[in-house]
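Visitor: generate coordinates for the sequence data below:
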Amino acid sequence: MHFIEILDKQNIKISYKKYDRNRLIEKYDPSCLNNKFVSILFDEKLDNTFIENILLNEILINRQQYHFIGYSNSQLRGRSCYLYAGSIEQIEQIINDNGDFNKIKNLSKRAARIGLLFSSCTPTIHIESDHVIQIDDIEKNGYTFTDE
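Guide: Residues are numbered from 1 along each chain as shown. You can find the predicted model right below:
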C-alpha cells in the first residue's frame, strides 16, 4: 500500500508499507494491487488548518484522484488516516454499504463507529449467513439500549 508521510509544507515522503488488515481494505482491495487505499501520516508539527485543507480536497497520486475516507481510533491518535481512489459519492456509498451510520446524530460517535471499519482485524472463521440471526433493538420509554 502507498504510505505518504507529510513532514512539513514542502517535504512529502512516499513509500510502500505493509498495512494492518481491516474490514474495508479486505473487502475493496484485499491484495492492494489496485492501489485503492493510501495511508497518510501528518507530522505533529503541522497545524490543523493545513491538514484540514489537504483532507477536504483531492490528492493526486500517479494521475489518480484520492479523497479522505476515514481513520481508526489508533490512527486518529497517531495523526494518520486513509484516502480512497474514487469520488466522494463512491466513498459515501462504500460507507453506507457497511452500516447505517446516518441514524447516528452525534458526529463524534458517528465518526467512531465508521472508524471501527478501519480497526485492525485478523480473520478467524467464516460464518454462513444462514447461521446468523438479526434481532431488533431493545427499546423502552423512548430509549434504545443497543448501541447505535
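
Visitor: phi, psi for residue 95 please.
Guide: phi -60, psi -50 (degrees, to the nearest 10).

Visitor: who are the contact partners of it?
Guide: Residue 95 sits next to 69-70, 101, 114, 117 when contact means Cβ atoms under 8 Å, 6 or more residues apart in numbering. For the C-beta atoms, the positions are set from N, CA and C on the backbone; glycine is no exception.

Visitor: just those: which are in helices?
Guide: residue 114 (DSSP state H).

Visitor: which of the contacts of residue 95 count as buried?
Guide: 69-70, 114, 117 (16 or more other Cβ atoms under 10 Å).

Visitor: can you tell me which of those is closest to residue 24?
Guide: Relative to residue 24, the closest of these is residue 117; by Cβ to Cβ it sits at 5.0 Å.

Visitor: what's the spacing between residue 139 and residue 146?
Guide: 8 Å (Cβ to Cβ, to the nearest Å).

Visitor: wasn't residue 9 part of a helix?
Guide: No. Looking at residue 9 with DSSP: H, G, I helix; E, B strand; the rest coil, it is coil, so not inside a helix.

Visitor: give the contact list for it.
Guide: Residue 9 touches 46, 50, counting by Cβ under 8 Å, 6+ apart.

Visitor: residues near residue 94, how many?
Guide: 18 (other Cβ atoms under 10 Å).

Visitor: was I right to think it contacts residue 84?
Guide: Yes. Applying Cβ atoms under 8 Å, one finds residue 94 in contact with residue 84, separated by 7.2 Å.

Visitor: which neighbours do those two share?
Guide: Common neighbours of residue 94 and residue 84 (Cβ under 8 Å, 6+ apart) are residue 69.

Visitor: now the strands for the chain?
Guide: For the chain, the strands defined by DSSP state E occupy 2-6, 12-16, 37-42, 59-61, 64-70, 80-85, 139-140, 143-144.

Visitor: will you turn the ones you listed into TSV that also has distance to residue 122 and mean pLDDT?
Guide: Below are those laid out as TSV (distance: least, Cβ to Cβ, whole Å; pLDDT from 0 to 100):
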stretch	distance to residue 122	mean pLDDT
strand 2-6	21	82
strand 12-16	22	81
strand 37-42	18	91
strand 59-61	28	85
strand 64-70	20	92
strand 80-85	18	92
strand 139-140	34	86
strand 143-144	31	82
